[in-house]
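> Let's see this in three dimensions:
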Amino acid sequence: MAQPRLTRPISPHLQAYNMIRITSALSVANRMTGGIMGFGLLFMILWLGAAAYGPDVYASVMVFLTSWFGWLVYFGVSVALFFHFYNGIRFMVWDLGWGFEMPQVVATGLTVLALTALTVVVFWAIVIARLAL
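All right, here's what the predicted structure looks like:
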């Protein structure tokens, strides 16, 4: 007799994650921040390419990059960068075999979020202070 076909996903999918749990939320967020940083890299390539093409092209690109949308991208990429950095350290600690018990997983996850928030606030305070000079 033929086996009935199972209706479960073949590979992990967002439906398999319980987003209420910090472990699932941070796992998905880590993947998303990697994509956001890739998107931010396109802006860096645009900036470098404009600098290579000369002052007129550079000035045109800088008008775009210093618009409200450009600053929004800078902010989003900075959040993604800091989160990905701290979560990467967390993963390296896991690679050493430490921190797999659920209380430690939750504590390190909350630490990643707190460090990300603190670093973003300090970073943007410095950026805004430097722009005001």
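> which SSE is the nearest residue to residue 108 once chain neighbours are set aside in?
Spatially, and ignoring its direct neighbours in sequence, residue 108 is nearest to residue 90 (5.1 Å; CB to CB, 6 or more residues apart in numbering). Heads up, the C-betas are built off the backbone N, CA and C, glycines and all. Per DSSP states H and E, residue 90 falls inside helix 68-95.
> and the gap between residue 48 and residue 116?
27 Å (CB to CB, to the nearest Å).
> quick one, helices of the chain?
Using DSSP state H, the helices found in the chain span residues 22-53, 55-65, 68-95, 102-132.
> Need those in a markdown table (columns: mean neighbour count and mean pLDDT).
Listed next are the helices of the chain as a markdown table, based on neighbours: other CB atoms under 10 Å; pLDDT from 0 to 100:
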| stretch | mean neighbour count | mean pLDDT |
| --- | --- | --- |
| helix 22-53 | 14 | 93 |
| helix 55-65 | 13 | 95 |
| helix 68-95 | 16 | 96 |
| helix 102-132 | 13 | 96 |
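> quick one, what contacts residue 79?
Contacts for residue 79 (CB atoms under 8 Å, 6 or more residues apart in numbering) come out as 33, 116, 120.
> who touches the first one in this structure?
The contact partners of residue 33, taken as CB under 8 Å, 6+ apart, are 79, 80, 81, 83, 84, 87.
> at 7 Å instead, please
80, 83, 84 (CB atoms under 7 Å, 6 or more residues apart in numbering).
> Residue 22 - nearest residue in space that isn't next to it in sequence?
In space, and not counting its chain neighbours, residue 22 is closest to residue 109: 4.5 Å by CB to CB, 6+ apart.
> quick one: that neighbour and residue 27, what's the gap?
Distance check for residue 109 against residue 27: by CB to CB, it reads 10 Å.
> Give me the common contacts of those two.
Counting by CB under 7 Å, 6+ apart, residue 109 and residue 27 have no common neighbour.
> re earlier: of the contacts of residue 33, just say which sits nearest to residue 70.
residue 80 (15.6 Å; CB to CB).
> my guess is that closest one meets residue 39, correct?
No - using CB atoms under 7 Å, residue 80 is not in contact with residue 39; the gap is 8.7 Å.
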